[in-house]
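J.: sequence plus the predicted model coming up.
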Amino acid sequence: MKALSLSPDPIIIPGDLKANAAGSTSVAFTSPLSVNVTLEKEVAGFWVKVPCVDELGSCHYSDACQILDTLTPPGQDCPEPLHTYGIPCRCPFKAGDYSLPDSDFYLPNVDLPYWLTNGNYKVVGVLGSAGQELGCLKLIFSLHSA
């Protein structure tokens, strides 16, 4: 990931989110594509690791491609604005450059566990395949849910 911008800060759920991003990969991402997520929440000034509960939190996902297929089934167009900008929403992801200019998204009300609502968060995601690390992304963000 070369650049990522999200606003507003904090991110409000439900609410509008403006995002832009740019990234590239020198290798294709194909199934199985593992993802290790480490999520931390700031509690009383300390960062506390959030455990994996019901597939949320600091979890290992053995194949993110299967998860993406449930969100946008094969044969179905990727949602806007991904479709317009040629950004895939399911595996395989071809090697190359990807860019999402300023785009608006609506974040619907999600029934989050109480421990995953308002607060400051750090998340690290590590992509891997066949025992090799393919990429890593670290985000720090604030979340406010109604």
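T.: Structure's in. What do you need?
J.: contacts for the helix or strand Leu4 falls within, please.
T.: For Leu4, the host element (DSSP states H and E) is strand 3-7. For strand 3-7, contacts defined as Cβ atoms under 8 Å, 6 or more residues apart in numbering pick out 17-23, 139, 141. Backbone N, C-alpha and C define where each C-beta goes, glycine included.
J.: please apply the same query to stretch 58-68.
T.: 29-40, 49-52, 55, 89-92, 127.
J.: which stretches in the protein count as helices?
T.: Applying DSSP state H to the chain gives helices spanning 64-71.
J.: so who does the residue nearest to the spatial centre of it touch?
T.: Taking Cα atoms, centre = their mean, the centroid of the chain lies closest to Gly125, which sits 8.3 Å from it. Contacts for Gly125 (Cβ under 8 Å, 6+ apart) come out as 35-37, 136-137.
J.: what separation do you get for Trp115 and Pro101?
T.: Here the criterion is Cβ to Cβ, to the nearest Å. By it, Trp115 lies 35 Å from Pro101.
J.: my error: substitute Cys65 in the last question.
T.: 26 Å.
J.: the two: who's more crowded?
T.: Cys65 (20 against 11; other Cβ atoms under 10 Å).
J.: tell me the spacing between the more buried one and Cys91.
T.: Applying Cβ to Cβ to Cys65 and Cys91 gives a distance of 4 Å.
J.: find the residues that touch each one of those two.
T.: With Cβ under 8 Å, 6+ apart, Cys65 and Cys91 have common neighbours 29-31, 33.
J.: who wins for most neighbours among these?
T.: Going by other Cβ under 10 Å, Leu33 tops the shared contacts of Cys65 and Cys91 with 22 neighbours.
J.: pLDDT score assigned to that one?
T.: On pLDDT, Leu33 comes in at 95.
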